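> Okay, sequence plus prediction incoming.
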Amino acid sequence: MYIRKTVKKTSAGKEYINYLLVESVATPKGPRQKIICSLGNLQPRPRADWEALVRKVQEALSGQRAFEGADPEAQAIAERIRSRQAGGPAEDVEVISVRTDLVSTEQVRIAGPLHVGRHFYGRLGVDEVLSQCGLGERSRRLTQLLVINRLVYPCSELAMVSWAPRTALVDWLGPELGRVHESSLYRQLDRLHPERERIEQFLAEREKTLFNLDNSVYLYDLTSTYFEGQARANPAAQRGYSRDSRPDCKQVVIGLVVDPEGFPKAHEVFNGNRNDSTTVEDMLKVLEKRVGSRTGGLVVVDRGMSSPDNLKAILGAGYDYLVACRPAERDQWLNQFESFEDWTEVKRKNSPANPAQKKTVVRVKKVQSDAHTYVLCHSQARIEKDRAIREKQESRLLTDLDKLEKRIANGHLKKTGKIHEALGRLKERYPRVARYYQLDWDESSRTLRREENAEKKEKARGLDGCYLLKTNRKGLTDEEIWRIYILLTRVENAFRCMKSPLSERPIFHHLQRRTETHIFLCVLAYHLLIAIEKTLLDRQVHTSWESVCETLSTHHITTIVLPTSNGDVLRIRKGSTPEPDVSLLYHLLGVPHTLIDPVKTWTRNNQYSDGKRNPSQSNQ
C-alpha cells in the first residue's frame, strides 16, 4: 500500500487536495492502481507520519497490535477497508475519534438567498452575455457580485467590500472576492456601461423563451430618483418634479418599458428636469433597439404622455396605442358619466393569496367613434383618492393665497405687475383646482379677489373616480381595454421593487456613466427578482421576493471543526441542512438543495491532545 495525491480544481480556480490509499494489482493489461480508501488532506503533517500511518493500517488489517498500543486513526481506516471488502457501502465512510466537548463551528455565512439569486443569474444567461461582450472571468465575477448584492443586501460599493467576505459568495466565486477593493468595483461599473444595450437585448429574448412571454403589449411609465450631494459632474442631474417628494435634491428621470408579466424590455435615463410627455419618442427608439420592430404591438401610457404628438409618434413607429385621456377631454363626456345606464360591471377575481378580500366595483362603458374607441371607467376605489388629491390641492392653494395677501398687506409686494406674476405662478402650480376660482387683483381697492365657481367645483366633484381611456385598436371589448390599461400597475410595481428592496435611491455616484450603470444594475437585479416571483406564481405561490429572502436566510454554509483524540483537527466546509420551508422553496424554484460539495481539511493542533480548548477556535 502507498499514498497517492489528487488535486481537484473548482470553477473558481480554487484547489482542494485529497490523499488516497492505493495498492498495485495485476491485470491482463498490466499493473494498475486500486483505490482502497480516501484519507482526506494529510497536510501539514510531515511525510514520515504518512508512511507511519500506512504501516499502522497494514498492521491493523493483519490483526497485529489490535488491543494495546493500537492507533485509533489507523484502526478506523482499517475498519472502513474491511467494511468495503465485506460488501459495505461503495463510497468511503470516514470514521474518526472526535473530542465532542471541543467541537465548534466557524465561518458561518448566509447562503440561501444568494444561492437562489446565483441560480437565476445563470438561468437567465447573464454570465453568457457578459462573455459575448468580451468581459474576462474576473470581470464577470465582479459583475455577479454587484448584481447579487443589489438583489439580496443592496449597499454602496464601499460597503460591499466588507459585505462580500461575510457571505457565501467567497465559497462560490473564489477567495479573491473577499479581498476586493472598491476601486475595482468602480472600474467594473465603467466596463459595464457601454454593454448595457446588448445585455438588455439578450435578456429580453432569453426571458421571452424561458417564460413564454407576450411581446405584443408594451407598458411605459416614468419615475425619478434623487441624488445625495450636488452631483456637479453629472449634467443629467437636475431639479424637477420629484416622485420621491425630494424637490430639494437633484434627480434623474427613469423611463421603463415592461411586458404584461412585469419583465423589463427597455429602460432609459433622462435629465432630471425632462418633461414626461417629451420622452415617448426617444423611448420608442430605445424599445426598437432592444426588441426589434414590432409592427402591430400595443403601447400603453398614462395621461401625462397622451398628447397628440405622442400618439402620432406611436403610430409612426408602427404601434397601436391605448392611453388615458387628459381631464379636459374627459370632461366632454360628463353627461355619459352621470348616468350608469348601459354600463358593464367588471368581474374582478381575488388573489389566491387573499381570497377573502372584497374587491371594489369598477364599471366600464364603450363608445365607438370613427378613429377611436373610448371607454368610460368609474371606480369606487378612485373616488376617495381623487377627492383627497383635489381637496389637498385646494387647501394648499388657499393657504398660498393667504400668504400672498399678507405679503401685499405688509408692503413686501407693491407693484401690480409683480402681483399678477405671483397669481400666475399659483395658477400654474395648482392647475387642478385654480380653475374653480376667479382670481384677480383690484388695483383701486388694493385687494386680492377670489371668487369660487360653485358650478365648476360641483362638476369636478361628480367626476371623482371617473377616467376615460382611448385606443385606435379595433375589436377589443370595453372590459379587455380596461384590463390592458390597468397592467400599467406592473410598471409601478417594478419601480417600487427597484426603489425598495433593491435600493435604487438615493444615488451616491456623481459621474453620469456610473449613475447610469448603477440604475442598470438595479434593472438587472429586478430581472432576477421578477423571474423568481414569476416562477413561484406559475406554481400558484403568491409571494414577494422579500418574503422569499427572509425564509431562505436560515440556510448557511459553515465550517465544522472536529478535534480528534490524537491532536489532529478535521475541518469540514459544507452547507447546513435546509429547513422544510427552505427545501420547499428550492423545489418550487427548481434550485439544487446542496450549496457546495463538502470540503475536508486536516490540520495538526497539539493543544487538543491534552484536553485543552484552543482559544482561537470559537463559534462564529
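Received it, and whenever you're ready, just let me know what you need. Residues are numbered from 1 along each chain as shown.

> So, low pLDDT: which residues of the stretch 201-350 of the chain?
Filtered on pLDDT under 70, the stretch 201-350 of the chain yields the residue ranges 340, 350.

> What segments of it are helices?
With DSSP state H, counting those that start in this stretch as the criterion, the stretch 201-350 of the chain has helices at 280-291, 308-316, 327-330, 334-338.

> Of all those, which one is nearest residue 151?
Judged by Cβ to Cβ, the one of the helices of the stretch 201-350 of the chain that comes nearest to residue 151 is helix 280-291, at 21.6 Å. Where you see a C-beta, it was placed from the backbone N, CA and C, and this is true even at glycine.

> close enough to count as contact, residue 296 and residue 317?
No. Judged on Cβ atoms under 8 Å, residue 296 makes no contact with residue 317 at a distance of 11.3 Å.

> In terms of neighbours, single out the busier of these two.
residue 317 (20 against 9; other Cβ atoms under 10 Å).

> which residue sits closest to the more buried one, ignoring its sequence neighbours?
The shortest distance from residue 317 to any non-neighbouring residue, by Cβ to Cβ, 6 or more residues apart in numbering, is to residue 284 (4.6 Å).

> Tell me the spacing between that neighbour and residue 152.
34 Å (Cβ to Cβ, to the nearest Å).

> So which of those two has more stuff around it?
A direct count of neighbours by other Cβ under 10 Å for residue 284 and residue 152 places residue 152 higher, at 25 against 21.

> Let me see the contact set for that one.
113, 114, 117, 549 (Cβ atoms under 8 Å, 6 or more residues apart in numbering).

> Assign the nearest residue to it once chain neighbours are set aside to helix, strand or coil.
Excluding the flanking residues, the one nearest residue 152 by Cβ to Cβ, 6+ apart is residue 113, at 4.6 Å. What DSSP: H, G, I helix; E, B strand; the rest coil gives for residue 113 is helix.

> ok, residue 113 - how many residues close by?
The number of residues near residue 113, taken as other Cβ under 10 Å, comes to 23.

> repeat for residue 249
When neighbours are counted by other Cβ under 10 Å, residue 249 comes out with 21.

> How about residue 83?
With other Cβ under 10 Å as criterion, residue 83 counts 15.

> hang on, it in a helix?
Yes. Using three-state DSSP, the assignment for residue 83 is a helix.

> separation between it and residue 76?
Counting by Cβ to Cβ - residue 83 and residue 76 are separated by 11 Å.

> So which residues of the stretch 201-350 of the chain form strands?
Secondary structure of the stretch 201-350 of the chain (DSSP state E, counting those that start in this stretch): strands at 217-226, 251-258, 264-271, 298-301, 320-324, 344-345.

> for those strands, which one sits closest to residue 36?
Using Cβ to Cβ, the nearest of the strands of the stretch 201-350 of the chain to residue 36 is strand 264-271, at 56.2 Å.

> quick one, what contacts residue 117?
147, 148, 151, 152, 528.

> In CSV, list those along with secondary structure and pLDDT.
Below are those laid out as CSV (DSSP: H, G, I helix; E, B strand; the rest coil; pLDDT from 0 to 100):
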residue, secondary structure, pLDDT
147, helix, 97
148, helix, 97
151, helix, 97
152, helix, 96
528, helix, 97
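
> Which of the residues you listed has the largest number of neighbours?
Neighbour max across the contacts of residue 117 (other Cβ under 10 Å) = residue 151, 28 neighbours.

> Was I right to think that residue contacts residue 531?
No. Contact criterion Cβ under 8 Å: residue 151 and residue 531 do not qualify, at 10.7 Å.

> Tell me the residues that contact both of these two, please.
Counting by Cβ under 8 Å, 6+ apart, nothing touches both residue 151 and residue 531.

> got the buried residues for the longest strand along the chain?
When the chain is parsed with DSSP state E, its longest strand is strand 15-27. Buried positions in strand 15-27, judged by neighbour count with 16 or more other Cβ atoms under 10 Å: 18, 19, 20, 21, 22.

> from these, which is closest to residue 437?
residue 18 (84.3 Å).

> Over to the residue nearest to that closest one when sequence neighbours are not counted. Which of the three states is it?
For residue 18, ignoring the flanking residues on the chain, the nearest one in space by Cβ to Cβ, 6+ apart is residue 6 at 5.0 Å. Under three-state DSSP, residue 6 falls in the strand class.

> got a list of what residue 533 touches?
543, 544, 545.

> Contact partners for the second one?
Right, residue 544. residue 533.

> give me phi/psi at it?
phi -100, psi 160 (degrees, to the nearest 10).

> cool, the last one as well?
When read as degrees, to the nearest 10, the backbone of residue 545 gives phi -60, psi -40.

> was I right about it contacting residue 496?
No. Shown here, residue 545 and residue 496 do not form a contact pair, counting by Cβ under 8 Å, at 11.6 Å.

> higher neighbour count, those two?
Neighbours were counted for residue 545 and for residue 496 using other Cβ under 10 Å; residue 545 has more, 23 against 13.

> so where's the chain uncertain?
In the chain, residues with pLDDT under 70: 8-14, 16, 63-70, 84-94, 340, 350-358, 605-620.

> Count the neighbours of residue 491 for me.
Neighbours of residue 491 (other Cβ under 10 Å): 23.

> begin at 649 from here
Sure, I'll start numbering at 649, so the last one becomes residue 1139.

> isn't it right up against residue 866?
No. With contact defined as Cβ under 8 Å, residue 1139 does not reach residue 866; the gap is 10.0 Å.
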